[in-house]
Every structure is written in structure tokens, then in C-alpha cells.
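*Asks:* Here is the input, now give the coordinates:
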Amino acid sequence: MRKGSEGRNRLLLITLVITALFLITLDLRGVGLLNGARQGTQTILTPFQRAGNVVVAPFKNFLSDITHLGRSRAQIERLRADNAKLEVQLLNRANADAQLIQLKSILNLAGTAGYKIVNARVISQGSSQSFSQVITIDAGTTAGIKTNMTVISQSGLTGVVKEAYSNSATIMLASDPTFRIGVRIAGSQQIGILSGRGNRSASLQLLDNQTSVKVGDILLSRGSVSNRPFVPGVPVGYVTAIDNSAGAIAQSATVHLYTDFSILGVVAVVIAAPVINPGDALVPAKPQPTPVPTVTIYVTPSPTPTN
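*Replies:* Have a look, this model is predicted:
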């Protein structure tokens with residue numbers, strides 16, 4: 001039995017060797033027998049390769065996501081930083097545009113009256129030890145600004161210089177309760193004293209009991225001796241209500257101030273008044289009423305019925 005089994009094994013081995021040599025010889029001679037065998041083998045293995053890719057693909061994607069996660073976070077942070085910078089730039093641009101508009105209006109107002117002015121930016125707004133409503137500007141004595149000088153805005157009177165330093169100054173606003181200024185009614189020489197109330201509303205006390213005032217009257221600064229603290233002709237406000245209290249020595253009224261103190265970005269200090277009083281040259285133009293549109297209705301008579 002053992003000899004027969006060993007003989008068969010030797011025969012099988014010899015057969016396999018001869019077959020291998022035969023196939024190698026055919027392959028070297030260009031016979032496509034092995035190519036077909038390879039293709040068949042590849043066809044059989046392809047489904048298993050695809051299944052392997054399906055199983056391995058999520059792990060490959062997961063590893064790729066982890067690799068790019070830090071990179072993505074860094075990009076997001078850079079984009080956020082760039083966005084914040086753009087927002088600041090847009091805000092600064094909006095502020096600069098608003099200040100430019102205010103400055104143009106101030107220059108037009110001062111040019112019309114002939115005031116010599118020094119422009120300044122408002123760098124803070126609040127209260128001080130002496131006054132409840134003040135602003136601080138970024139110009140001072142170096143630019144020629146002194147105490148008791150008139151300060152104007154794009155709309156008219158802003159206040160008066162109370163403290164001046166080398167490169168800054170403190171301005172008491174016309175809205176301050178301690179603020180006082182002599183005013184006159186535009187178009188006449190009727191005069192009075194205007195006092196601040198802490199907001200854009202002020203009180204007017206006429207000095208002459210024979211003087212009459214009406215709603216809508218425009219008030220201008222009367223001017224001081226040597227033009228300090230106030231130069232003449234600056235628009236102050238207009239009358240909104242009149243107090244006709246019985247027994248009052250003189251008429252009093254409520255005035256709406258032209259300047260909006262909450263949006264001051266640029267102001268100007270009048271360092272020299274014109275030789276000639278500007279009079280009513282700075283009286284604001286009254287807003288024209290918006291025309292009411294008219295609608296024309298055409299009526300067509302209905303035809304007369306016939307019998």
C-alpha cells in the first residue's frame with residue numbers, strides 16, 4: 001500500500017511540474033491561455049474586492065475628516081476674524097460718512113454768516129463736575145480755542161466753550177439746565193432769554209411785556225459784547241408753545257432747539273465773528289408741506305332706459 005501511494009504522489013508531482021513547464025512555455029510564446037485564466041480569476045475576485053471597498057470606505061472617510069477637521073476649524077476662525085474686521089470697517093466708514101455730511105453743513109452755515117471757525121471731532125459726551133450736559137472735543141488752545149466761545153453744529157447753536165486745554169476743550173451744551181443765552185425773534189428786534197431744560201426743549205422768557213410771540217417764530221442768537229460768549233445770528237430754535245398765564249409780567253414760551261445733541265460727531269468753534277452782523281442770513285428755510293395728491297373721478301351717466 002505504501003509503495004503504491006508513494007508512486008501515485010510521484011506521478012502527480014511529475015505531472016504538475018510538466019504542466020507548469022508547459023504553461024510557462026506557452027506564455028513565453030505569446031499564447032493567451034494564461035491571460036484568459038487571469039481574467040477569469042479577476043472576474044471571480046471582483047465582487048469580493050468591491051465588498052471590501054464598501055466596508056473600508058467609511059473608515060477611510062472618517063480618517064480623512066479627522067485629518068481635515070483642524071484645518072476646517074482654523075479656516076472658520078480666520079473667516080470669523082475677517083468678518084469682524086469688515087464689520088468694524090463698515091461701521092467706521094458709516095461714522096466717517098455721517099461726520100462728513102455734518103462738516104459740509106457746518107461749513108455752509110459758517111460760510112454764509114462769515115464766521116471764522118475751527119472744526120473739531122466730538123470725542124466724548126456726558127457730564128462734568130460743573131455741568132450736567134457737556135461734550136469734549138479734540139481741539140483746544142493750540143488751535144486758537146478759548147473759553148467763552150460759541151460752538152455750532154450743522155443745524156445751529158450747540159453750546160459754549162467752558163474749559164480749554166492744549167488739545168481738547170469742554171463744551172457746555174445748550175440743553176444744560178444752567179445754560180443761558182440772549183436771543184431775538186427773526187425778522188424783528190424782540191429779545192428774550194432762553195434757558196436749557198436738559199433736552200431739546202428750552203424755555204423762552206421775553207423781556208418786554210409788550211412783545212408778542214407766536215408758534216413757529218424762529219429764534220437767533222442776539223450776540224454778546226465783543227462776540228463772547230455768543231456771536232450774533234446763529235439759529236437756536238423755534239417756538240412750539242406759548243404760556244399766557246394770567247398775571248405774568250412778560251410772555252414765556254417753549255422752544256424746540258435745532259441741534260440734535262445725541263448725534264453730534266463734528267462741531268465747530270467760532271473763533272472770530274464777521275465785521276458785519278449776519279442778521280437773518282442763517283434763518284432755516286421752512287419745510288414745504290407735502291402736496292396732497294388729487295384724484296379726479298369721472299362719472300359716466302347711465303343710459304336712459306327705453307320702453
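*Asks:* Tell me the spacing between His99 and Ile106.
*Replies:* Check again: residue 99 is Gln, not His. Remark: distance between Gln99 and Ile106 (CB to CB, to the nearest Å) = 10 Å. Bear in mind the C-beta positions are built from the backbone N, C-alpha and C, glycine included.
*Asks:* So for those two, which residue has more residues nearby?
*Replies:* Set Gln99 next to Ile106 and count neighbours by other CB atoms under 10 Å: Ile106 wins out with 21 against 16.
*Asks:* Is the more buried one located within a helix, as I assumed?
*Replies:* Yes - the assignment for Ile106 is a helix, going by DSSP: H, G, I helix; E, B strand; the rest coil.
*Asks:* Return the list of strands paired to the longest strand along the chain, each annotated with direction.
*Replies:* Longest strand in the chain by number of residues, with DSSP state E as the criterion: strand 116-126. Its sheet considered, strand 116-126 pairs with strand 134-137 (antiparallel), strand 266-272 (antiparallel) by DSSP bridges.
*Asks:* Mind pulling up the pLDDT for Leu100?
*Replies:* Listed pLDDT for Leu100 reads 84.
*Asks:* so where does it fall, helix or strand?
*Replies:* Here Leu100 sits within helix 33-113, counting by DSSP states H and E.
*Asks:* so where's the chain uncertain?
*Replies:* When residues are selected by pLDDT under 70, those of the chain lie in 1-7, 9, 13, 16-17, 19-70, 91-92, 95, 245-248, 286-307.
*Asks:* can you rerun that using 80?
*Replies:* 1-75, 77-99, 128-130, 208-212, 244-250, 285-307 (pLDDT under 80).
*Asks:* Wait, Gln205 touches Val183, no?
*Replies:* No - the pair Gln205 / Val183 is not scored as a contact, 10.1 Å apart, by CB atoms under 8 Å.
*Asks:* any common contacting residues for those two?
*Replies:* The contact sets of Gln205 and Val183 overlap at Gly192, Ile193, Leu194 (CB atoms under 8 Å, 6 or more residues apart in numbering).
*Asks:* In CSV, list the residues you listed along with secondary structure.
*Replies:* Formatted as CSV, the shared contacts of Gln205 and Val183 follow (three-state DSSP):
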residue, secondary structure
Gly192, strand
Ile193, strand
Leu194, strand
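*Asks:* Distance to Gly111 and neighbour count added to those residues, as a markdown table?
*Replies:* Below are those laid out as a markdown table (distance: CB to CB, whole Å; neighbours: other CB atoms under 10 Å):
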| residue | distance to Gly111 | neighbour count |
| --- | --- | --- |
| Gly192 | 28 | 24 |
| Ile193 | 29 | 15 |
| Leu194 | 25 | 23 |
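*Asks:* Take those and lay them out in a markdown table including distance to Gln125.
*Replies:* Shown next, in a markdown table, are the shared contacts of Gln205 and Val183 (distance: CB to CB, whole Å):
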| residue | distance to Gln125 |
| --- | --- |
| Gly192 | 28 |
| Ile193 | 26 |
| Leu194 | 21 |
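*Asks:* list the buried ones in stretch 211-229?
*Replies:* Of all the residues in stretch 211-229, those buried under the rule 16 or more other CB atoms under 10 Å are Val213, Asp217, Ile218, Leu219, Leu220, Ser221, Arg222, Gly223, Ser224, Asn227, Arg228, Pro229.
*Asks:* now stretch 113-122
*Replies:* Within stretch 113-122, the residues scored as buried using 16+ other CB under 10 Å are Ala113, Gly114, Tyr115, Ile117, Val118, Asn119, Ala120, Val122.
*Asks:* From what I see, Asp138 and Asn167 are in contact.
*Replies:* Yes - using CB under 8 Å, Asp138 makes contact with Asn167 at a distance of 6.8 Å.
*Asks:* what's the burial count for the nearest residue to Thr178 once chain neighbours are set aside?
*Replies:* Counting by CB to CB, 6 or more residues apart in numbering, Phe131 is the residue found nearest to Thr178 once chain neighbours are left out, at 6.5 Å. Look at Phe131: counted by other CB under 10 Å, it has 20 neighbours.
*Asks:* ok, Phe131 - contacts?
*Replies:* For Phe131, counting by CB under 8 Å, 6+ apart, the contacting residues are Lys162, Met172, Asp176, Thr178.
*Asks:* Turn the buried ones among these into a named ChimeraX selection, would you?
*Replies:* Applying 16+ other CB under 10 Å to those, the buried members can be selected in ChimeraX as follows:
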select :162,172,176
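*Asks:* Show me which of the contacts of Phe131 is closest to Gly144.
*Replies:* Gly144 lies nearest to Lys162 out of these, by CB to CB, at 16.6 Å.
*Asks:* separation between the closest one and Ala169?
*Replies:* Taking CB to CB, one finds Lys162 at 8 Å from Ala169.
*Asks:* any chance of the strands paired with strand 116-126 in JSON lines, with distance to Gly144 too?
*Replies:* Converted to JSON lines, these look like this (distance: least, CB to CB, whole Å):
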{"stretch": "strand 134-137", "distance to Gly144": "13"}
{"stretch": "strand 266-272", "distance to Gly144": "5"}
